[in-house]
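> Can you look at this prediction? I've put the sequence above it.
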Amino acid sequence: MSKEEKTQAIQELTQKLTALDEQRTKFDAETFEWADKRDKLNEQARNLRSETIGLRDDRDRLNENVKAMKLQRTETARKIREKIEEIRKLREESRTLAKKRPSQSRQTLEKEVQTIDWRIQTTSLTLKEDKELVEKVKQLESQLSIYRKMEQVAQRISQLRADIVTLKAENDACHKELTETARKSQEVHKTMLEKLEQVKKLRVEADELHRRFLETKERSRPLHEEIAGITAQIRLLKREIDEEEQKEKKQNQDALRESLEKQAREKLKRGEKLSWEEFQLLAEKGMTAQD
């Protein structure tokens, strides 16, 4: 192939390379577009995933609170049952005491005790009389103790009832808070599941975009290979042209040197004066003016 043919081939290959490069640019732009969309979807999925982790922690914290309040409610209910059982036993005791209640009223018994005490303190009594009165007070006090025990039982029942009212109020407040906390936990859990579903959809979309990215990249592969092949051909042709030009240049230089050398020899034979270049040329050949 001549130099002109090679130059023509380079021009044709360059035109083809330009057209292919335009196609490659379009493919690369499409590939970048798929990759960019894919990366954005993956970023959205990562952000949503981080949000779901936060929501899961909130849900777990709320569930722990629900668990603690259930235990508190159970403990309060146990205390209420214990106090109700104690009231039941106290009522039985009160009924038993009621059966033993003296025929005289408490006020009458207390007044009688006071009267006897005053008599003992202010009246001169014989030993027998004093002993009889002390024994009488003892009997009266024994009867009064029933009234005192009944009063203690009644007071205890009253206190237990008040405690039960307080505990029930606490239990109602705990139940209300428990219900509200459980509702919040369910809402958080629902939101978390919705976001997880979004993450799933985004990942499916991202996988589809990645598939298209790989597909476009694969479609452009032959184009890249063809461009690489044409580029190599152009480089080879340019190198061959350059080598030919260098060879041609050397041939021209050698021809010029031969012409100058011949001219210098003829001048030397004629005895004409040589130029400095002619002299150097002959000197390189080992010839002198004496030759």
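Cool, the structure landed.

> so what's the residue most central in space within the chain scoring on pLDDT?
Nearest to the mean C-alpha position of the chain, counting by C-alpha atoms, centre = their mean, stands residue 50 at 2.9 Å. Predicted confidence (pLDDT) for residue 50: 93.

> and whichever helix or strand it is part of, what does it pack onto?
Residue 50 is part of helix 3-99, with elements assigned from DSSP states H and E. Counting contacts by 3 or more C-beta pairs under 8 Å, 6 or more residues apart in numbering; DSSP states H and E, helix 3-99 packs against helix 127-270. C-beta here means a position set from N, CA and C on the backbone, and glycine is covered the same way.

> tell me what the helix it packs on is packed against?
Counting by 3+ C-beta pairs under 8 Å, 6+ apart, helix 127-270 packs on helix 3-99, helix 106-122, helix 276-284.

> How far off centre is the helix holding residue 50?
The chain centroid and the centroid of helix 3-99 are separated by 7 Å under C-alpha atoms, centre = their mean, to the nearest Å.

> Taking helix 127-270 as reference, get the angle to it.
Comparing the axes of helix 3-99 and helix 127-270 via axes from the mean of the first three to the mean of the last three C-alpha atoms, to 10 degrees yields an angle of 180 degrees.

> where are the low-confidence patches of the stretch 51-200 of the chain?
For the stretch 51-200 of the chain, applying pLDDT under 70 flags no range at all.

> picking that back up, so which of the helices and strands packed on helix 127-270 comes closest to residue 233?
Closest to residue 233 of those is helix 3-99 (C-beta to C-beta; 5.8 Å).

> Buried residues, stretch 65-76. List them.
Using 16 or more other C-beta atoms under 10 Å as the test for burial, stretch 65-76 gives 65-66, 69, 72-73, 76.

> do the same with stretch 78-88
By 16+ other C-beta under 10 Å, the buried positions in stretch 78-88 come out as 80, 83, 87.

> do stretch 128-135 as well
With burial defined by 16+ other C-beta under 10 Å, the residues of stretch 128-135 counted as buried are residue 133.

> Run through who's touching it.
Residues from elsewhere that reach stretch 128-135 (C-beta atoms under 8 Å, 6 or more residues apart in numbering): 116, 119-120, 125.

> Buried members of those into ChimeraX, please.
Selection of buried members from the contacts of stretch 128-135 for ChimeraX, criterion 16+ other C-beta under 10 Å:
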select :116
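
> For residue 92, state which of the contacts of stretch 128-135 is nearest.
residue 116 (33.8 Å).

> hey, C-alpha coordinates of stretch 238-247 in CSV?
Listed next in CSV are the C-alpha coordinates belonging to stretch 238-247 (Å, rounded to 0.1, in the frame of the first residue of the first chain):
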residue,chain,number,x,y,z
LYS,A,238,0.8,6.6,10.9
ARG,A,239,3.8,4.8,12.1
GLU,A,240,4.3,3.1,8.7
ILE,A,241,3.9,6.5,6.9
ASP,A,242,6.4,8.0,9.3
GLU,A,243,8.9,5.2,8.7
GLU,A,244,8.5,5.6,5.0
GLU,A,245,9.0,9.4,5.2
GLN,A,246,12.1,8.8,7.3
LYS,A,247,13.3,6.3,4.8
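
> how about CSV for the contacts of stretch 128-135, with distance to residue 15 added?
Below are the contacts of stretch 128-135 laid out as CSV (distance: C-beta to C-beta, whole Å):
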residue, distance to residue 15
116, 141
119, 145
120, 143
125, 150
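
> Name the nearest of the contacts of stretch 128-135 relative to residue 28.
For the contacts of stretch 128-135, the nearest to residue 28 is residue 116 (120.7 Å; C-beta to C-beta).

> show me what contacts the closest one?
133, 136-137, 140.

> If we use 7 Å, what do you get?
For residue 116, the contacting residues are 133, 136-137, by C-beta atoms under 7 Å, 6 or more residues apart in numbering.

> Quick check: closest non-adjacent residue to residue 45.
Excluding the flanking residues, the one nearest residue 45 by C-beta to C-beta, 6 or more residues apart in numbering is residue 202, at 4.2 Å.

> shouldn't that neighbour be in contact with residue 41?
Yes. Assessed by C-beta atoms under 7 Å, residue 202 is found in contact with residue 41 at 5.1 Å.

> buried sites along stretch 88-106?
For stretch 88-106, by 16+ other C-beta under 10 Å, it's 90, 93-94, 97, 106.
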